[in-house]
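> output the structure for:
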Amino acid sequence: MIANHIIWKLSLVLDLPTFTNKLEIYSDGNKQYIAALLYHFKKDCLIYGQLIKVVRNKKLFAKYKRKIFGNPDYDDIETVNIESYNGVLRERIGCLVRKTKCFSKKRSMLEKHLNIFQAYNNTIKNYDGKTPLMKEELTDKKWCWNDIFNFR
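Model prediction:
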């Protein structure tokens with residue numbers, strides 16, 4: 001189950017949510033996310049909503065929002081950020097392009113490719129003069145490839 005794997009990976013990098021510091025998360029209408037979230041986190045520590053898109057004749061016909069856990073603000077239930085990031089990944093990593101001859105023969109190689117992209121995106125690429133690591137105050141400088149490859 002892919003959703004369980006995604007939420008498991010997420011649980012490895014996040015601080016454990018609490019009743020006072022809840023994890024706020026939004027997704028599409030995939031029901032697998034509900035079970036995966038409940039498996040890895042306590043329901044009372046979650047704010048979760050789904051954005052369901054209705055497609056007819058290959059065109060977006062309608063979309064509606066559902067509150068699943070907690071009391072998310074309907075205006076916050078959106079998936080545009082992750083959809084945008086997925087688009088960036090498809091632009092920059094050839095094996096993620098739809099309908100391509102360039103594909104990863106091994107899952108481990110795809111994961112390594114994604115790790116390299118993530119390292120670049122978080123430490124080198126500037127967004128408004130700062131990298132994501134700088135915005136989170138985890139570093140005070142923009143890194144270079146040499147910093148990444150020599151990091152211990």
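> only C-alpha atoms for contact and neighbour calcs from this point on.
Noted.
> buried sites along stretch 140-149?
Neighbour-count burial for stretch 140-149 flags 142, 143 (criterion: 16 or more other CA atoms under 10 Å).
> I would like the residues contacting it, please.
With CA atoms under 8 Å, 6 or more residues apart in numbering as the test, stretch 140-149 has contacts from 119, 120, 123, 124, 126, 130, 131, 134.
> same question, stretch 31-39
1, 3, 4, 7, 8, 27, 43.
> tell me the mean pLDDT over the host helix or strand of residue 118?
Residue 118 is part of helix 107-123 when elements are defined by DSSP states H and E. Helix 107-123 shows an average pLDDT of 88 in the prediction.
> go through that helix and flag the buried ones.
For helix 107-123, using 16+ other CA under 10 Å, the buried residues are 110, 119, 120, 122, 123.
> please apply the same query to stretch 67-78.
Buried residues in stretch 67-78 (16+ other CA under 10 Å): 67, 69, 70, 72, 77, 78.
> state the distance from the second one to residue 9.
As defined by CA to CA, to the nearest Å, residue 69 lies at a distance of 20 Å from residue 9.
> quick one: mean pLDDT over the host helix or strand of residue 65.
In this assignment (DSSP H and E), residue 65 forms part of strand 59-69. Averaged over strand 59-69, pLDDT sits at 93.
> what sits up against it?
With CA under 8 Å, 6+ apart, strand 59-69 has contacts from 43-44, 46-55, 74, 77.
> stretch 42-59: which residues count as buried?
Buried residues in stretch 42-59 (16+ other CA under 10 Å): 43, 45, 46, 47, 48, 49, 50, 51, 52.
> which residue, other than its chain neighbours, is closest to the first one?
In this case it means residue 43. In this structure, residue 43 finds its nearest non-sequential neighbour in residue 69, 6.8 Å apart by CA to CA, 6 or more residues apart in numbering.
> give the buried subset of the contacts of stretch 31-39 as a PyMOL selection command.
In PyMOL syntax, the buried subset of these is picked out as below (16+ other CA under 10 Å):
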select buried, resi 3+4+7+8+27+43
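> which ones are touching residue 17?
23, 41, 45, 46.
> just those residues: which are in strands?
When the contacts of residue 17 are checked against strands (DSSP state E), the matches are 23, 46.
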